[in-house]
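Visitor: A structural model of the following input is requested.
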Amino acid sequence: MASSQTPAAKITSLDHLVLTVRSIPATKTWYENTLGMRSQSFVSGGVTRHSLNFGEQKINLHELGHEFEPKAAKVQSGSADLCFITRDPVSEVRERLLTQGVSMLELDEETEGGIVGRTGARGSLRSVYCRDPDGNLIE
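Guide: From the prediction side, this is the model:
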């Protein structure tokens, strides 16, 4: 049932999200080398913070036990499920991940060489799955 209430805001895109990780250096290295993101350090409130930048978005990194306020109500590492978009053919991405030694998740469903069909925000897509150093699911 649709609400007749006017929304407080009409969201158009995501600026950033926060990943809580066990090791910021290990996380930065993995996302840079594996997914081609650019790491950045910046000062906010007199404190050095870290992020991973890609496209027009970024992932801010908080180290477990040393999070910045305000923070999520239930902070833990390894609980995210993230789906990234690339222009690279997914079969080539999978091969490069395997070449780099990244363990791919094999799903209990019919796949095309480890590639599965999914529906994302932009419609149909082809996906592969792995985990980052904290166990976050990466699609």
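
Visitor: burial count for residue 117?
Guide: For residue 117, the neighbour count with other Cβ atoms under 10 Å is 12. Using the backbone N, CA and C atoms, a C-beta is placed for each residue, glycine as well.

Visitor: cool, residue 31 as well?
Guide: Residue 31: 24 surrounding residues under other Cβ under 10 Å.

Visitor: Can you show me the CA trace of the helix or strand harbouring residue 29 as PDB?
Guide: Secondary structure from DSSP states H and E places residue 29 in helix 24-35. Provided in PDB are the C-alpha atoms of helix 24-35 (Å, rounded to 0.1, in the frame of the first residue of the first chain):
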ATOM      1  CA  ILE A  24      42.800  -0.900   7.600                       C
ATOM      2  CA  PRO A  25      46.200  -1.600   5.800                       C
ATOM      3  CA  ALA A  26      45.200  -5.100   4.800                       C
ATOM      4  CA  THR A  27      41.800  -3.900   3.600                       C
ATOM      5  CA  LYS A  28      43.200  -1.100   1.600                       C
ATOM      6  CA  THR A  29      45.800  -3.400   0.000                       C
ATOM      7  CA  TRP A  30      43.100  -6.000  -0.900                       C
ATOM      8  CA  TYR A  31      40.700  -3.600  -2.400                       C
ATOM      9  CA  GLU A  32      43.400  -1.700  -4.300                       C
ATOM     10  CA  ASN A  33      45.100  -4.800  -5.800                       C
ATOM     11  CA  THR A  34      41.900  -6.900  -6.300                       C
ATOM     12  CA  LEU A  35      39.300  -4.400  -7.300                       C
END
